[in-house]
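Enquirer: Model the following, please.
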Amino acid sequence: RAAFGGLAEIHVLDDRQYRDVQACQRPDRGGATRVTEEACPALADPARSILGREQEAWLLDGLRQGHARWTLIAQQTRMARLGGERTPPVYWTDGWDGYPASRRRILEALAARRPDQGTPLVLGGDIHAFLAAELRPDFDRPETPPVAVEFVGTSITSQNNARYAEHYPRDPHIAFADASHRGWMALRLTRGRAELDMMAIRDPADRMTGAFPLRRYVVEAGRPRLVRG
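Expert: Sure thing, here's the model as predicted:
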């Protein structure tokens with residue numbers, strides 16, 4: 001956990017080493033798989049945590065005590081739910097979708113904070129795509145106000161996956177997704193607003209290539225909603 005005066009507090013997480021074993025692993029392979037809630041009851045087990053009990057308790061305690069203008073949660077993967085485009089929904093167990101109870105506890109903790117405890121921003125990666133989303137404790141209730149904004153950065157040179165660009169925009173809480181560009185994100189914080197630029201590389205195979213702003217978002221302090229910049 002690191003603080004920059006009263007402007008920002010950053011909670012840096014490890015959601016790989018301490019998590020519970022992924023739910024409903026196939027007998028012929030380890031690691032992640034795609035499951036439905038009906039076929040995999042363990043998915044909803046409230047005892048399971050993507051952070052592990054000790055780290056999750058540490059994060060929740062830090063969120064309760066936070067007082068900076070901005071609260072940043074920096075972690076490895078995508079937190080926003082993905083899977084609503086299918087009936088029944090199908091979830092990938094390697095990230096937060098594989099630990100929905102753990103995710104909901106954290107988002108409910110953000111919802112319970114006072115306005116003066118900082119506007120939450122979640123920063124993620126891993127998916128080889130840009131993504132911007134509004135996070136709610138219950139993703140099935142898009143009419144409820146978001147409790148945090150999430151930005152996910154893509155890879156610099158690693159290969160992308162075209163299915164992300166096709167599926168992400170179908171989920172109502174996801175405002176933007178792009179898997180066709182490589183690049184990085186630039187985040188600027190002031191007391192009044194956060195500005196996020198998704199910077200795209202023109203040619204990742206050319207070490208002298210340039211970059212351009214693919215998309216810009218603004219988040220006003222005290223109002224965790226996405227606004228096009």
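
Enquirer: What segments of this structure are strands?
Expert: Taking DSSP state E to define them, one finds strands in the chain at 2-4, 8-12, 34-35, 70-74, 91-92, 119-124, 130-135, 148-152, 174-178, 183-189, 193-201, 211-220, 223-228.

Enquirer: The closest residue to Asp138 other than its chain neighbours: neighbour count?
Expert: Once flanking residues are discounted, Asp138 sits nearest to Thr144: 6.7 Å by CB to CB, 6 or more residues apart in numbering. Using the backbone N, CA and C atoms, a C-beta is placed for each residue, glycine as well. Thr144 has 12 neighbouring residues, counting by other CB atoms under 10 Å.

Enquirer: Also Gly118?
Expert: The tally of other residues near Gly118 (other CB under 10 Å) stands at 23.

Enquirer: Wait, it touches Ile73, no?
Expert: No: using CB atoms under 8 Å, Gly118 makes no contact with Ile73, being 10.9 Å away.

Enquirer: Out of the helices and strands in the chain, which is least certain?
Expert: In the chain, no helix or strand scores lower on mean pLDDT, DSSP states H and E than helix 162-167, which sits at a mean of 58.

Enquirer: Where does the prediction get shaky in this structure?
Expert: Within the chain, the set of residues satisfying pLDDT under 70 comprises 85, 161-169.

Enquirer: Pick out the residue closest to the middle of it.
Expert: By CA atoms, centre = their mean, the chain has its centre lying nearest to Met79, at 3.2 Å.

Enquirer: need the contact list for that one.
Expert: Met79 makes contacts with 95-96, 103, 122, 124, 133, 135, 150, as judged by CB atoms under 8 Å, 6 or more residues apart in numbering.

Enquirer: again, only this time at 6 Å
Expert: 96, 122, 124, 150 (CB atoms under 6 Å, 6 or more residues apart in numbering).

Enquirer: any idea which of the residues you listed is closest to Ala109?
Expert: Ranked by distance to Ala109 (CB to CB), the contacts of Met79 are led by Val122 at 12.6 Å.
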